[in-house]
Every structure is written in structure tokens, then in C-alpha cells.
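# Mind folding the following:
(chains A and B)
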Amino acid sequence: MSDGVLDIEGIEINLLLEAIFQRYGYDFRDYARASVERRLAQFLADSGCGTFSEVTARVLREPQFFHQVVPYFSISVTSLFRDPFIYLALREKVVPLLRTWPHFKVWHAGCATGEEVYSMAIMLREEGIFERARLYATDISQPALETGKTGIYPLDILKKGSAAYQKAGGRGSLSDHYHARYEAAVMDAAFARQITFARHNLAMDKSFGEMQMIVCRNVLIYFNQDLQNLVLQLFLESLDHGGFLCLGDKETLTFSSVADSFVAVDEKARIYKKRVRR
Amino acid sequence: MTLMDLPGCERDIRAVAIGGSAGASGVLREILAGLTRAFPAPIAVVQHLHPDDRGLLVENLGRAMRIPVVEVQDKMPARPGQVHVAPADYHMMVERDGAFALSVDDPVQWSRPSLDVFFLSAAKVWRSGLLAIVLSGANEDGAAGLRAVRLRGGMAVVQDPATARFPKMPLAAMTQAGLGGGMSPGQIAVLLERLERRGRSGRSG
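A predicted model of the protein is given here:
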């Protein structure tokens, strides 16, 4: 295969991303390129189109076709108490400081279908500070948010979550926090009063208030370094002094532009704290 | 076939990608044992691990090797003279600027990390400068990736299936990439050591 063929495909993908941005306002141009290429290659195969230029032509003229592409960009990977060890670190190193605030706000950015938001809520409840918490759960995907808002999950998700809950330092039983109904489980209605699910596009939207903790796990890996820096700057501005930032366990501030503004609270669990300016 | 006859041995290697699964971790130690931080290109390792593995392979390799071994984090640059290991439960890729990228996209060939995913992205970035090696394993992950490496002019090597504890993976890769044969772990080790020596003399000359 000649290099020329490869370059043409690169140009085609640039034009497709530009077309999506100009036509629909969704900006995927600074998403991590290698992942974008993988997903678009998958879409190309599924769509029946021969080339990305063909995809671009249809995207421009057929909104419905565009809406078939969007899910290929939105990431939806989550589970109850995903990476249980981070909850142990949170209980030990973050909860004692959260206790010192009379009220605190947690922003879970890129929450997908909400399992990790409920995990956080359960942990805070067991630590006796959920009543003082306000949780904001945001994602780019409206369908994912709808699932989170209902708090209804297939029963096997809860069964799998039960083992993770124990590893995460659970104090009782996961079933203390949901009600089983046939093949589905409904999260305890008391959670809903303090959790707000809202649509938010990290690549384009602004901050919405001062937070004591921001959780954003395995979302930044889908952004390139420029967009990562932009989003991390948004987090920095949205955090109270001494507020916490929790990233995915292979995400690091080391290569970012805000590395100096945070100190590591737990390097392995990727929990950072915003430096207090003197 | 002697090592001197190997195709592509005289070309410049800009990166080495090594993939394996069941039965590969011992081979990995064997083929990396002779290398040092003077190795002239980055080495990337994609080894199938249990999703809960917390860097054990990296720790074990790191203790046993002279060449530095690190677990990849998102956006980490690929450095010459260093072995970069894909973390468990993430796909690893490389971007055009030579930095690693991770994803939690669905498993490919029931595997995350997947050899195919890494080889495909590495082939795009390093093209004819890539040496890709498939070791022992019990599934067919890596075969499509190795084929892509060859299509872009890279050099493809598989562990001789007769020397592999699980020959399915190198066999599939050999077939799909259209290779005539494989190399024993000892031969692969010699090939890598020769690349290191040539890199050294290249720099001094």
C-alpha cells in the first residue's frame, strides 16, 4: 500500500470531522486520533459506505445518518464500584476532608449510565455524609443520562456489582441500597433527591459552579493533549481550593499543562488535590 | 535460513512491537534479557493479562531486565531504550506524535489489550520502520495486525510455533501475514541484540 493512499484517508477523516462540526456543532476534532480512526473505521464497515468521503456527503445531507455516527464517538463504559480499590482510597484519604465541609458538591463528568455515581452515593451514605452532598452527573449522551436518571439496572449488573462493592470496603450489603423487581433493580429513591443528571459536553460547555470534588474517569483518554489541557483547566477553575480531582487509573496529570496546580493525594488511585494558592 | 538472510534486517527500525498471550511471558524475558537502555528504538509490549492485574508483569520484567520497563499511562511518549508495557484492561495505541494512547473500547478477539489494535495503529505511525513480533498464545489476536504491519512495509516476525507452548497465535499470524516461517526465542533475542549493536555503532559513526 502506498503512503499516498494512507494520506488520503487521513484527509478524508479531517474533512468528515470538520463537516460534523460545521453542520451540527459537535466538535470531535480534538478527540484522540487513534481512537477516532478505529471507531470511524468500524462505522465505515457498518454503514455500507465505501469511503469516508461518501460518509461525509451523507452526514452533511442526512441528519438521521449523522445520528447513526454519534454513538460511535460517545463512550459508555462503566460499572458499579469500577476499580474498587479507588473507593478504599477515597474512604481513607478524601472522606475525612469532605467531613470538614458543612455541604459539598461532587461533579461526575462523563458519568455514562450512572453506575459510578450511585457507587459514590452509596459510599458517601455509608460514611454518613451523603445528606451533606450534592452530586452532579453529566454526560454528552442523552440516552445514557436517561438510564442514570431512572436508576433502573438489569439485576445481573447488581449481582456483578456486589463483589466489587465488597472489595470497595462496603459496610453492609449492596442490596441495602436498591430494590429488586423481577429482572431489574431500582436504586433507592432517596438517592435521586441529591443527584442531578444533566447533559454537558466537556469539549464545548463551561463550568457550572464551585465543586469540592470532580470525578472524571476514563474520559480524558479519548481526548488529545490540547483538549485534555482545556478540560483540565475547566476542572481547575471549577474546583474549590483544596478540592479533589479523581481520574482513571492510567490517566495522569504528568503530561498536562495543569500538573503544577495539583498535588497527588493517592498516586495509584489517581486522586489529586488542588493546591491552595498562598 | 541464517539471521543474515532475514528480510529487512538492514533497514532502520524506528520501533519494536511485541505481542503475546498464554506462554509468552517467559519468552518475553528471554528475548529482552540482552538489551540495555542503549537500544536505539522504543519497544512496546502487548501481553494479554488478567483484567485485575495491577502491574505485576511490569514489576517482574523490571526486576529481571537491564533495559528500563514501564507501564504505559495515557499520553506517555514512546522513548528509545525503554520497554513500554500495555496496562491490563486497556487497549493501547500510538498517535502520530509518538505518544501512547489508551482506550476502554470493547475487547477485540476477546482481549483487552489487543495485539491487533496496537499493531494497526503502530503500523500507521511507524510504517516501514516497525518491527512487529508475535509470540506464543492460544487465540488469533495479532494475526490481522501483523498483516497490516506487512502491508505498510514493516517487518513481521513470529515465534516458531514449534517452540511455542501455545502455537495457535503465532501460527495464525504466520498464515495471515504470509510468512514462510518463524524464529526461535533465541534467534529473536539475537536479532534484537544486533539491532542494539547497530544502533550504537550508527550513533558513534
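# For the residue in chain B that chain A sits nearest to, name its beta-bridge partners.
Residue of chain B nearest chain A, by C-beta to the nearest C-beta: B:M93 (3.8 Å). (Glycine included, C-beta is placed from N, CA and C.) Taking DSSP bridges as the rule, B:M93 bridges to B:A101.
# Extract the residue ranges of chain B that are flagged as low pLDDT.
B:1-11, B:202-205 (pLDDT under 70).
# Residue numbers of it in contact with chain A?
Within chain B, the residues that sit near chain A (C-beta under 8 Å from any C-beta of the partner chain) are B:71-77, B:87, B:90, B:93-96, B:99, B:101-105, B:117, B:120-121, B:124, B:127, B:151-152.
# For ChimeraX, what selects the buried ones among those?
Selection of the buried residues among the residues of chain B next to chain A in ChimeraX, burial being defined by 16 or more other C-beta atoms under 10 Å in any protein chain shown:
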select /B:71,72,73,74,75,76,87,90,93,94,95,99,101,102,103,104,105,117,120,121,124,127,152
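# among the residues of chain B next to chain A, which are in strands?
Residues of the residues of chain B next to chain A located in strands (DSSP state E): B:71, B:93-94, B:101-103.
# who's in contact with B:M65?
Contacts for B:M65 (C-beta atoms under 8 Å, 6 or more residues apart in numbering or on different chains) come out as B:29, B:32-33, B:35, B:83.
# And those, which is closest to A:Q42?
Closest approach between the contacts of B:M65 and A:Q42, by C-beta to C-beta: B:V83, at 30.0 Å.
# For the chain, just list every one of the helices.
Because you didn't say which chain, this covers chain A. In chain A, the segments counted as helices under DSSP state H are A:3-24, A:33-47, A:52-61, A:63-69, A:85-89, A:95-98, A:115-126, A:142-150, A:155-167, A:225-238.
# Chain B, not that one
B:25-32, B:56-64, B:115-126, B:143-151, B:168-177, B:185-204.
# Out of the ones you listed, which is the most enclosed?
Of these, the one with the most neighbours on average (mean count of other C-beta atoms under 10 Å in any protein chain shown) is helix B:115-126, at a mean of 26.
# Identify the bridge partners of A:L245.
A:I214, A:Y272.
# Make sure it is actually in contact with A:L239.
Yes: using C-beta atoms under 8 Å, A:L245 is in contact with A:L239, at 6.6 Å.
# Now list whatever residues contact both of those two.
A:214, A:274.
# ok, now how distant is A:Q68 from A:L15?
Plainly put, A:Q68 is 18 Å away from A:L15 if you go by C-beta to C-beta, to the nearest Å.
# Which residue, other than its chain neighbours, is closest to residue 21?
I went with chain A, as the question did not name one. In space, and not counting its chain neighbours, A:F21 is closest to A:D27: 5.1 Å by C-beta to C-beta, 6 or more residues apart in numbering or on different chains.
# should've been chain B
Going by C-beta to C-beta, 6+ apart, B:S21 has B:G137 as its nearest residue, at 3.1 Å.
# can you count the residues close to the residue in chain A that chain B sits nearest to?
For chain A, the residue closest to chain B is A:A34, as judged by C-beta to the nearest C-beta, at 3.8 Å. Neighbours of A:A34 under the rule other C-beta atoms under 10 Å in any protein chain shown: 27.
# For the spatially closest residue to it that is not a sequence neighbour, which residues are in contact?
Using C-beta to C-beta, 6+ apart and skipping residues adjacent in sequence, the residue nearest A:A34 is B:M93, 3.8 Å away. With contact taken as C-beta under 8 Å, 6+ apart, B:M93 is in contact with A:34-35, A:38, B:100-103, B:117-118, B:121-122.
# Format the residues you listed as a markdown table; extra columns: distance to A:F85.
Shown next, in a markdown table, are the contacts of B:M93 (distance: C-beta to C-beta, whole Å):
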| residue | distance to A:F85 |
| --- | --- |
| A:A34 | 28 |
| A:S35 | 25 |
| A:R38 | 29 |
| B:F100 | 23 |
| B:A101 | 24 |
| B:L102 | 18 |
| B:S103 | 21 |
| B:V117 | 26 |
| B:F118 | 26 |
| B:S121 | 29 |
| B:A122 | 31 |
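# Redo the contacts of B:M65 as a markdown table? Include distance to B:G55.
What follows is those, written out as a markdown table (distance: C-beta to C-beta, whole Å):
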| residue | distance to B:G55 |
| --- | --- |
| B:R29 | 16 |
| B:L32 | 17 |
| B:A33 | 20 |
| B:L35 | 20 |
| B:V83 | 13 |
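# So which of those is the closest to A:M120?
Using C-beta to C-beta, B:V83 is the member of those that lies nearest A:M120, at 36.2 Å.
# Do I have it right that the closest one meets B:V69?
Yes: look at B:V83 against B:V69 with C-beta under 8 Å: they come within range, at 4.4 Å.
# more neighbours, the two?
More crowded of B:V83 and B:V69, by other C-beta under 10 Å: B:V83, with 24 against 21.
# Please tell me how far the more buried one sits from B:L195.
B:V83 is 14 Å from B:L195, by C-beta to C-beta.
# what residues are shared contacts of the two?
In contact with both B:V83 and B:L195: no residue, using C-beta under 8 Å, 6+ apart.
# beta partners of B:A156?
Going by DSSP bridges, B:A156 forms beta bridges with B:A132.
# what sits against it?
Shown in contact with B:A156 (C-beta under 8 Å, 6+ apart): B:132, B:134, B:146, B:149-150, B:173, B:177, B:179.
# buried residues in stretch B:152-162?
So, applying 16+ other C-beta under 10 Å, buried residues of stretch B:152-162: B:152-161.
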